[in-house]
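A.B. asks: sequence first, predicted model second:
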Amino acid sequence: MRTFDTVTHRLRNAKIIATLGPASDELDRIRDLFEAGADVFRFNFSHGTYDDHRRRYELVRQVEREFNRPIGVLMDLQGPKLRLGLIEGGHLSVKAGDQLILDQDAALGTEMRVPLPHPEIFAAIQAGDMLLIDDGKVRLRVLRSDATHARVEVCNDGVLSDRKGVNVPGAILPLSALTDKDKRDLAFGLELGVDWVALSFVQRAQDIEELKALVDNRAWVMAKLEKPAVFDALEEIVSQADAVMVARGDLGVESPPEEVPVLQKRIIRVCREMGKPVVVATQMLESMIQTPVPTRAEVSDVAGAIYDGVDAVMLSAESASGTYPVQAVDMMDRIIRNTEQDSLQRDTMQAVQSHRDGSGRDAISAAIRTVADALDVSATVAFTASGATALRVAHERPRSAIVSMTPYLSVARRLSLVWGVHSTQAPQVCSADEIMEHSTQAVVRHGFAKPKKAILIAAGTPFGVSGTTNLLRIAWVDDWVQKTDETI
């Protein structure tokens, strides 16, 4: 087993989120995934029991202790699931041009009517709207509707089956993104100690506010953008969230396929401009569920997200239930590293800059980028209580490595998802000399120190108070190592 001091740090900036599941269920496999490059582990609460999730969580924390490196855990809430009711015989073959009645009657569906037990759908749809069944395999056009019924026309040949999912593109449905199941799952996840909570079915900024009120600062909240309707309030949603996921599964169902790349680019740009971490997910290396190598198109898809400067890319079934979970993480790591070595990647990424609000933290972050370009800095050390300083430095996308130092393990774990941040836990500091000492020790211990090169140190005074970033120091490791060598 490799220790933290020999692993030192990732040779890349963008992070990898790997979903755990039946294919990645044991200690050795989770350890292998971490060594291959996983920075954050996703727990999908659409599947698995609480016992499953608790056991996997404990295994992740065991790996964290073995490597003495913070590892993030993301819980992904299921969200509302809109489904057809039951049909006689379990399924109904339909042809283009057929007309059906959808209603809320619980009786078995027939050739004339199909149950749809969701009053919120009837409250939102109107003539001309489309309903997509089973990830769009069957498309239904609404001819007319009221509060309890809708007459629809079938747009293509297909089969309607029991309990198949229903998507309503373009409509804002009058329901909360949090179901009763989600609230129970959330309480369980927060008790475990998850670091991030991803919210599905986000339609409005109020959905994020509702979840944040329940989380109460015990984790950071990620908005999964899956519905085209969110683009009417995109900036407001991004502003409320701590991070955003481009969830291309449902987004690709509810939007025409040719529009998904444009929507993805828009989400990434808004997140980058607003300084919020952004994750691209779904089908990134889909073929590796069954094969040991990805398609060239999948490799280009991952690389494209890295050129855009995303904080993280995510594996779903590839690592949760696929045949080659470790190989998928290793491949993603190799794609990221190779892409980031291309000088064009930085030029492309820097085409988008985050907005600044005139705060001291923003001024320090901008100065870091300027000084780093002038001095050939080997690392930037960000002392942070809440994580905000490290986030702000990362959003500048500096050329130098970012070493985040925080006294709080929970904050260190959350920052493991953020672009370029090598996240560490460190003692609380009380003076500028302690900052210098801990910073130089950290960059040496974690393999960032380079002879005759400077490091930058960002912190705030009074020390340990969140939101006070107002200090930027330049240090040369050679000078300070002489003073602190005995402690390294």
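C.D. replies: Arrived safely.

A.B. asks: distance from the chain centre to stretch 371-380, please.
C.D. replies: 29 Å (CA atoms, centre = their mean, to the nearest Å).

A.B. asks: swap in stretch 222-231?
C.D. replies: For stretch 222-231 - counting by CA atoms, centre = their mean - the centre lies 13 Å from the chain centre.

A.B. asks: who touches that stretch?
C.D. replies: 74, 76, 79, 169-172, 196-204, 207-208, 234, 237-238, 240-247, 249-251, 254-255, 259, 263, 266-267, 279 (CB atoms under 8 Å, 6 or more residues apart in numbering). All C-beta atoms are positioned from the backbone trio N, CA, C, and that covers glycine.

A.B. asks: of those, which belong to strands?
C.D. replies: Those of those mapping onto strands are 74, 76, 196-199, 243-247, 279, per DSSP state E.

A.B. asks: farthest-separated two in those?
C.D. replies: Pairwise distances across the ones in strands among the contacts of stretch 222-231 (CB to CB) peak at 17.3 Å, for the pair Val197 and Val246.

A.B. asks: name the residues of stretch 218-228 that come out as buried.
C.D. replies: Across stretch 218-228, burial judged by 16 or more other CB atoms under 10 Å covers 219-228.

A.B. asks: of the contacts of stretch 222-231, grab the buried ones for ChimeraX.
C.D. replies: Here is the ChimeraX selection string for the buried members of those, based on 16+ other CB under 10 Å:
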select :74,76,79,169,171,196,197,198,199,200,201,202,203,204,207,208,234,237,238,240,241,242,243,244,245,246,247,250,251,254,255,263,267,279
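
A.B. asks: could you list the low-pLDDT ranges of this structure?
C.D. replies: Applying pLDDT under 70 to the chain flags residues 1-8, 356-361, 461-468, 478-488.

A.B. asks: and the helix ranked longest in it, how far out from the chain middle?
C.D. replies: Secondary structure assigned by DSSP state H gives helix 50-67 as the longest helix of the chain. From the chain centre to the centre of helix 50-67 is a distance of 20 Å (CA atoms, centre = their mean).

A.B. asks: just the buried residues of that helix, please?
C.D. replies: In helix 50-67, counting by 16+ other CB under 10 Å, buried: 53, 56-57, 59-60, 63-64, 67.

A.B. asks: now stretch 414-433
C.D. replies: Going by neighbour count (16+ other CB under 10 Å), the buried part of stretch 414-433 is 414-426, 429.

A.B. asks: closest one of the residues you listed to Lys212?
C.D. replies: Nearest member of those to Lys212, counting by CB to CB, is Arg414, at 14.2 Å.

A.B. asks: just checking, that closest one touches Gly387?
C.D. replies: Yes: contact criterion CB atoms under 8 Å: Arg414 and Gly387 qualify, at 5.9 Å.

A.B. asks: helix/strand/coil for Ala475?
C.D. replies: Classification of Ala475 using DSSP: H, G, I helix; E, B strand; the rest coil returns strand.

A.B. asks: what pairs with it across the strands?
C.D. replies: Beta-bridge partners recorded for Ala475 (DSSP bridges): Ile455.

A.B. asks: for the stretch 1-150 of the chain, what spans make up the strands?
C.D. replies: In the stretch 1-150 of the chain, the strands defined using DSSP state E, counting those that start in this stretch lie at 15-20, 40-44, 72-76, 91-94, 99-103, 113-115, 130-133, 138-145, 149-154.

A.B. asks: between these, which gets nearest to Gln345?
C.D. replies: Taking CB to CB, strand 15-20 is the member of the strands of the stretch 1-150 of the chain nearest to Gln345, at 15.5 Å.

A.B. asks: quick one: strands adjacent to that closest one?
C.D. replies: Strand 15-20 sits in its sheet next to strand 40-44 (parallel), strand 312-315 (parallel), going by DSSP bridges.

A.B. asks: that one to strand 72-76, inter-axis angle?
C.D. replies: Orientation note: strand 15-20 sits at an angle of 60 degrees relative to strand 72-76 (axes from the mean of the first three to the mean of the last three CA atoms, to 10 degrees).

A.B. asks: could you give the angle of strand 15-20 to strand 243-247?
C.D. replies: 60 degrees.

A.B. asks: quick one, strand 15-20 and helix 50-67 angle?
C.D. replies: Computed with the same axes, to 10 degrees, the direction of strand 15-20 lies at 140 degrees from that of helix 50-67.

A.B. asks: buried residues, strand 15-20. List them.
C.D. replies: Neighbour-count burial for strand 15-20, with 16+ other CB under 10 Å as criterion, is recorded at 15-20.

A.B. asks: please apply the same query to stretch 272-282.
C.D. replies: Buried-residue list, stretch 272-282, by 16+ other CB under 10 Å: 272, 274-282.

A.B. asks: closest to Arg445 among the residues you listed?
C.D. replies: Set against Arg445, the nearest of the buried residues of stretch 272-282 by CB to CB is Pro277 (25.9 Å).

A.B. asks: verify the contact between that closest one and Cys271 for me.
C.D. replies: Yes: Pro277 is within contact range of Cys271, at 7.2 Å (criterion: CB under 8 Å).

A.B. asks: any residues in contact with both of the two?
C.D. replies: 243-244.

A.B. asks: I'd say Met284 and Ala317 touch.
C.D. replies: No: contact criterion CB under 8 Å: Met284 and Ala317 do not qualify, at 10.6 Å.

A.B. asks: between the two, which is the more surrounded one?
C.D. replies: Set Met284 next to Ala317 and count neighbours by other CB atoms under 10 Å: Met284 wins out with 24 against 19.

A.B. asks: what's next to stretch 390-400, contact-wise?
C.D. replies: 13, 272, 275, 277, 309, 311, 346, 349-350, 354, 361-362, 364-366, 368-369, 372-373, 377-380, 382, 384, 402, 404, 406, 415, 418-421, 423, 456, 458, 469.

A.B. asks: please repeat the previous calculation with a cut-off of 6 Å.
C.D. replies: 275, 349, 354, 361, 365, 368-369, 372, 377, 379-380, 382, 384, 402, 404, 415, 418-421 (CB atoms under 6 Å, 6 or more residues apart in numbering).

A.B. asks: secondary structure element holding the closest residue to Ser93 other than its chain neighbours?
C.D. replies: Once flanking residues are discounted, Ser93 sits nearest to Val159: 5.4 Å by CB to CB, 6 or more residues apart in numbering. Assessed by DSSP states H and E, Val159 sits inside strand 158-161.

A.B. asks: for that strand, list the C-alpha coordinates in PDB.
C.D. replies: The C-alpha trace of strand 158-161 is given here as PDB (Å, rounded to 0.1, in the frame of the first residue of the first chain):
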ATOM      1  CA  GLY A 158     -43.500   2.100 -29.200                       C
ATOM      2  CA  VAL A 159     -44.600   0.300 -26.000                       C
ATOM      3  CA  LEU A 160     -46.000   1.800 -22.800                       C
ATOM      4  CA  SER A 161     -45.100  -0.300 -19.800                       C
END
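
A.B. asks: the next helix or strand along the chain from it packs against which elements?
C.D. replies: For strand 158-161, the following helix or strand on the C-terminal side (DSSP H and E) is strand 166-167. Packed against strand 166-167, as judged by 3 or more CB pairs under 6 Å, 6 or more residues apart in numbering; DSSP states H and E, are the following elements: strand 130-133.

A.B. asks: mind listing what the strand it packs on pairs with, with the direction of each?
C.D. replies: Sheet partners assigned to strand 130-133 using DSSP bridges are listed as strand 138-145 (antiparallel), strand 166-167 (antiparallel).
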